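[1] here is a sequence together with a model predicted from it:
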Amino acid sequence: MRIQMPGSSLAPRTCIVCCATFLGGPSAKYCPDCRIERRRETDRQHKARKRAGKSIIIGQTVGRCEKCGKEFIYTAGAQKYCPDCSEEAIKEKDRQSGRGWLKRAVEKHGRQYADDRNADRRVGRTTCIDCGAPLAPGHSANKDYCPACQRLHLRYARYRTDCKRAKRPREPVSYSAWKEGNR
């Protein structure tokens, strides 16, 4: 028996097979009885594929990429893409599902819901984190430092890299200690 953590999103769900109502998570589609039967059917199909020699053997079976058509060796059972295409294809699929979620949320709660959600996620920083100097109006939302502090942080990053790459690597000093000696 699985123990649910506090704050989990268990809610009444409807089984897509028998239309029974059950308590389940956000992606639950089957009631416990139908889930057991579905698992048994999946196991039967897997055993039939294995007997027929059509099951995937990870590290041996060769597949064809759905995006570019190139052949690859399976590293996971549900793999669809070659290593070259996988990152971008998975990101695209994630973007599509996210857009679908937002569209459904707007249909359910109205456009104001999405506008408020997006406004909450934006950081309207107006001053530098380090020195408190005002940032230029119209700067990008992810800008945290004024130009002078940005240059200083880049120099510190180079210093840390040099410490690691030295013939005798050493532990870099903290940013605040380094900054005092390099201003």
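    It's in. Residues are numbered from 1 along each chain as shown.
[2] for stretch 162-172, what does the pLDDT average out to?
    Mean pLDDT, stretch 162-172: 86.
[3] where in this structure is pLDDT low?
    Residue ranges of the chain with pLDDT under 70: 1-8, 120-124, 138-142, 183.
[4] could you pull out the strands for it?
    11-14, 21-24, 62-64, 71-73 (DSSP state E).
[5] please state the offset of the third one from the chain centre?
    Meaning strand 62-64. 26 Å (CA atoms, centre = their mean, to the nearest Å).
[6] by contact count, what packs against it?
    For strand 62-64, the contact count by 3 or more CB pairs under 8 Å, 6 or more residues apart in numbering; DSSP states H and E identifies strand 71-73 as packing neighbours. Glycine gets a C-beta too; all of them are placed from N, C-alpha and C.
[7] again, but for the last one
    Contact analysis of strand 71-73 by 3+ CB pairs under 8 Å, 6+ apart lists strand 62-64 as its packing neighbours.
[8] so what strands line up beside the strand it packs on?
    Sheet pairing of strand 62-64 (DSSP bridges) gives strand 71-73 (antiparallel).
[9] quick check: buried residues in the strand it pairs with?
    Residues residue 72 are the ones in strand 71-73 that count as buried (16 or more other CB atoms under 10 Å).
[10] just how off-centre is it within its chain?
    For strand 71-73, the distance to the chain centre is 25 Å (CA atoms, centre = their mean).
[11] now do stretch 66-85
    Relative to the chain's own centre, stretch 66-85 is displaced by 19 Å; criterion: CA atoms, centre = their mean.
[12] what are the buried residues along that stretch?
    Neighbour-count burial for stretch 66-85 flags 72, 79, 80, 81, 82, 85 (criterion: 16+ other CB under 10 Å).
[13] ok so, going back, can I get the strands of the chain in TSV with distance to residue 52?
    Below are these laid out as TSV (distance: least, CB to CB, whole Å):
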stretch	distance to residue 52
strand 11-14	35
strand 21-24	34
strand 62-64	17
strand 71-73	21
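[14] looking at those, which is closest to residue 48?
    Residue 48 lies closest to strand 62-64 among those, at 19.7 Å (CB to CB).
[15] which parts of the closest one are buried?
    residue 63.
[16] now stretch 110-129
    Judged by neighbour count using 16+ other CB under 10 Å, the buried positions of stretch 110-129 are residue 128.
[17] can you name the residues in contact with that stretch?
    Residues outside stretch 110-129 that contact it (CB atoms under 8 Å, 6 or more residues apart in numbering) are 102, 105-106, 133-135, 141-146, 149.
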